[in-house]
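Participant: Test case, fold it:
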Amino acid sequence: MRLSSLQVLRGLAAILVVIHHAANSFHSKHSFTFLKDIFEFGYTGVDLFFVLSGFIIYYIHHLDIGAKATLKPFITKRLIRIYPIYWVVLFLIVPIYFIVPSFGEADSTNISVIIKSFLLFPQENAPVLGVAWTLSHEMLFYLMFALMIFLPKKSSKTIFTLWMTSSLAFFILSSFVNLNDISHYISFIFSPFNLEFLSGLIVAHLVMNYKKFINYNLFIILGITTLISTWALDYFEILTIHRVISAGIPSALLILGFATKEQFENIRIPKILTYLGDASYSIYLTHITALSFFNFFFLASGLRFNYLYAIMIILFATSVGCVFHTIIEKPLINVLRNKFLKKKNHISNDKKSVS
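Facilitator: Got it, this is the predicted structure:
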């Protein structure tokens with residue numbers, strides 16, 4: 001079953017990240033404060049993405065756990081979903097960073113950083129495409145889920161539980177002890193972000209097995225209220241709460257509410273909103289470069305920067321992602337799926353997939 005409301009949440013997550021990075025670039029490039037920095041919390045779009053990923057993977061592939069025969073199609077689908085489009089973007093932007101280094105991060109022309117970035121291998125340096133650090137976490141989650149598919153159910157669940165328990169322990173310990181001296185790879189493997197994937201997995205289990213007991217409207221209200229409350233606490237510098245709690249929990253509540261609601265009600269959603277969800281990955285991958293380009297243009301033009309130009313840049317950056325999705329991502333994904341996945345499997349998964 002395709003859950004359109006979750007596609008809307010995907011689109012919302014992407015737009016939040018775009019506005020967050022746009023507002024930061026307005027500060028650095030134009031000394032301009034956009035809407036009094038109320039969109040600083042836009043980084044929470046990443047947390048929403050992580051919870052959605054946990055939900056989607058379990059919702060679609062829970063029956064594959066312990067079924068070794070499904071490992072190859074699972075890995076193939078995940079690789080097709082993440083790498084080809086990401087590589088296209090990298091091949092487009094890496095030459096630009098060599099020509100105009102100011103467009104990228106400090107290490108964007110470092111060969112070691114470039115290679116690790118292409119592989120999505122975790123590294124202490126920022127990847128060539130700044131937002132790609134999140135994809136490294138996605139790939140780790142996919143790897144652990146693939147392990148659950150490959151191993152017998154009992155063994156896989158034990159390993160997955162130990163991984164998540166260790167991640168929780170590191171998260172709690174980090175509140176009391178400075179863990180900066182711990183190896184980057186250890187902190188990556190047991191990152192608090194793993195708990196957001198777990199929360200998505202738990203939500204999917206609840207929706208599939210206990211939906212008749214869930215007051216979905218209440219959870220939607222709780223999700224919105226919690227998100228606004230934690231944003232206000234941080235924005236007015238009253239209390240800063242770790243994003244896994246302040247963003248991860250509201251995201252889980254919203255997904256629980258909307259995914260359950262759609263099981264019982266026919267939610268009418270404008271096509272533009274589901275389209276933004278479909279294009280969210282392309283928007284996410286291209287918006288940093290698009291923002292750099294449009295900011296550079298306005299700096300070169302000598303125009304006085306104002307709210308109109310700020311909104312135009314945000315719309316343009318989002319539009320670049322949409323065009324990229326329609327012209328490059330969608331056709332390329334279809335070709336790769338038809339080539340590497342059995343047609344029957346591909347069609348059946350598309351019918352029930354929210355990704």
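Participant: ok, now which ones touch residue 190?
Facilitator: 163, 166, 167, 169, 170 (C-beta atoms under 8 Å, 6 or more residues apart in numbering). Backbone N, C-alpha and C define where each C-beta goes, glycine included.
Participant: from those, which single one is nearest residue 260?
Facilitator: residue 167 (26.4 Å; C-beta to C-beta).
Participant: The closest one contacts residue 199, correct?
Facilitator: No: at 11.7 Å, residue 167 does not count as touching residue 199 under the criterion of C-beta atoms under 8 Å.
Participant: Of the two, which one has the most company?
Facilitator: residue 199 (23 against 20; other C-beta atoms under 10 Å).
Participant: by contact count, what packs against the helix or strand hosting that one?
Facilitator: Following DSSP states H and E, the helix or strand that holds residue 199 is helix 194-210. Where contact means 3 or more C-beta pairs under 8 Å, 6 or more residues apart in numbering; DSSP states H and E, helix 194-210 is packed against helix 44-61, helix 133-150, helix 153-174, helix 248-264.
Participant: Could you save the contacts of residue 190 as a markdown table and add columns showing pLDDT and distance to residue 253?
Facilitator: As requested, these are arranged in a markdown table below (pLDDT from 0 to 100; distance: C-beta to C-beta, whole Å):
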| residue | pLDDT | distance to residue 253 |
| --- | --- | --- |
| 163 | 97 | 24 |
| 166 | 96 | 25 |
| 167 | 97 | 20 |
| 169 | 95 | 24 |
| 170 | 93 | 24 |
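Participant: ChimeraX command to pick out the buried ones of these?
Facilitator: Selection of buried members from the contacts of residue 190 for ChimeraX, criterion 16 or more other C-beta atoms under 10 Å:
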select :163,167,170
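Participant: Heading C-terminal from the helix holding residue 199, find the next helix or strand.
Facilitator: Beyond helix 194-210 toward the C-terminal end (DSSP H and E), the next one is helix 216-235.
Participant: Which residues outside the helix or strand just after that next one are in contact with it?
Facilitator: Later in the chain than helix 216-235, the nearest helix or strand by DSSP H and E is helix 243-246. Residues from elsewhere that reach helix 243-246, judged by C-beta under 8 Å, 6+ apart: 43-44, 47, 171, 192-193, 195-196, 227, 230-231, 233-234.
Participant: 7 Å instead?
Facilitator: 44, 47, 171, 192, 193, 195, 196, 230, 234 (C-beta atoms under 7 Å, 6 or more residues apart in numbering).
Participant: Could you dump the residues you listed into a markdown table with pLDDT, neighbour count and distance to residue 82 added?
Facilitator: Shown next, in a markdown table, are the contacts of helix 243-246 (pLDDT from 0 to 100; neighbours: other C-beta atoms under 10 Å; distance: C-beta to C-beta, whole Å):
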| residue | pLDDT | neighbour count | distance to residue 82 |
| --- | --- | --- | --- |
| 44 | 96 | 22 | 22 |
| 47 | 98 | 25 | 18 |
| 171 | 94 | 19 | 25 |
| 192 | 96 | 18 | 22 |
| 193 | 98 | 23 | 16 |
| 195 | 98 | 21 | 21 |
| 196 | 98 | 28 | 17 |
| 230 | 95 | 21 | 29 |
| 234 | 94 | 16 | 31 |
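Participant: and which of the residues you listed is nearest residue 116?
Facilitator: residue 193 (18.7 Å).
Participant: ok, now which ones touch the closest one?
Facilitator: Taking C-beta under 7 Å, 6+ apart, we find residue 193 in contact with 50, 137, 244.
Participant: rewinding a little: flag every buried residue along the helix holding residue 199.
Facilitator: Under 16+ other C-beta under 10 Å, the buried positions of helix 194-210 are 194-204, 206-207.
Participant: Then stretch 206-222?
Facilitator: 206, 207, 214, 216, 219, 220, 222.
Participant: just stretch 150-170 next, same as before
Facilitator: Per 16+ other C-beta under 10 Å, stretch 150-170 contains these buried residues: 150, 151, 156, 160, 163, 164, 167, 168, 170.
Participant: Check stretch 173-186 too.
Facilitator: Counting neighbours by 16+ other C-beta under 10 Å, stretch 173-186 gives residue 174 as buried.
Participant: what's in contact with it?
Facilitator: Counting by C-beta under 7 Å, 6+ apart, 122, 124, 187 sit against stretch 173-186.
Participant: May I have the distance across that stretch, first residue to last?
Facilitator: Using C-alpha to C-alpha, to the nearest Å, one end of stretch 173-186 lies 14 Å from the other.
Participant: Any chance you could list what contacts stretch 75-82?
Facilitator: Counting by C-beta under 7 Å, 6+ apart, 135, 138, 139, 142, 146, 333, 336, 337, 340, 341, 355 sit against stretch 75-82.
Participant: related to what we said a few turns ago, can you redo the buried residues of stretch 150-170 as TSV with distance to residue 102?
Facilitator: Shown next, in TSV, are the buried residues of stretch 150-170 (distance: C-beta to C-beta, whole Å):
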residue	distance to residue 102
150	45
151	48
156	47
160	43
163	40
164	41
167	37
168	41
170	36
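Participant: related to what we said a few turns ago, select from the contacts of residue 193 the one having the most neighbours.
Facilitator: residue 50 (27 neighbours).
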